[in-house]
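J.: After the sequence you'll find the predicted model.
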Amino acid sequence: MSRMKIRDIKGVIVNYRIGSKGRNPRWRQVILKFDLPEGMKADALIGKEVEIYWRGKIFRGKIYRKHGKYAVRALFKKALPGQILLGGYKIILKE
């Protein structure tokens with residue numbers, strides 16, 4: 001898969017990850033859903049770095065696991081604000 005195809009994928013934040021307590025705080029974990037091209041599965045995104053640009057701030061994280069059939073989970077270095085669920089951000093995938 002070429003780098004250009006992965007960079008052109010648009011994504012949206014579905015929600016924060018909720019569930020049992022774990023080692024990593026839940027407010028740093030986010031469920032992302034991407035508009036994947038035909039023939040590409042969410043498994044191909046595992047291990048990719050993701051950046052979210054919101055109101056002049058950059059939040060960096062890494063996709064670490066699949067969530068359901070079409071979504072993935074990402075773990076961020078800093079916690080994302082709650083207002084980010086309202087939209088108005090840009091998601092960029094990196095290799």
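T.: Done, it's in.

J.: now residue 12, nearest residue through space, not along the chain?
T.: Counting by C-beta to C-beta, 6 or more residues apart in numbering, residue 12 lies nearest to residue 33, which is 5.6 Å off, once chain neighbours are set aside. For the C-beta atoms, the positions are set from N, CA and C on the backbone; glycine is no exception.

J.: Show me the contact partners of stretch 37-48.
T.: With contacts defined as C-beta atoms under 8 Å, 6 or more residues apart in numbering, stretch 37-48 is touched by 1, 5-6, 9, 34, 36, 62-66, 69-72, 93-95.

J.: tell me the average confidence for that stretch?
T.: For stretch 37-48, mean pLDDT rounds to 89.

J.: buried stuff in it?
T.: By 16 or more other C-beta atoms under 10 Å, the buried positions in stretch 37-48 come out as 42, 45, 48.

J.: Give me the distance between that stretch and the centre of its chain.
T.: From the chain centre to the centre of stretch 37-48 is a distance of 12 Å (C-alpha atoms, centre = their mean, to the nearest Å).

J.: okay, how far is it across it, tip to tip?
T.: End-to-end span of stretch 37-48 (C-alpha to C-alpha, to the nearest Å): 17 Å.

J.: Mind jotting down where the helices sit in this structure?
T.: 3-7 (DSSP state H).

J.: was I right about residue 91 contacting residue 50?
T.: Yes - counting by C-beta atoms under 8 Å, residue 50 is a contact partner of residue 91 at 6.3 Å.

J.: Among the two, which residue is more densely surrounded?
T.: Using other C-beta atoms under 10 Å as the criterion, residue 91 and residue 50 rank with residue 50 on top: 22 against 18.

J.: what's that one in contact with, if anything?
T.: 11, 32, 60, 61, 62, 63, 74, 91, 92, 93, 94.

J.: what about 10 Å?
T.: Residue 50 sits next to 11, 30, 32, 34, 59-63, 72, 74-76, 91-94 when contact means C-beta atoms under 10 Å, 6 or more residues apart in numbering.

J.: what's the answer for residue 35, then?
T.: Going by C-beta under 10 Å, 6+ apart, residue 35 touches 8, 9, 10, 11, 12, 70.
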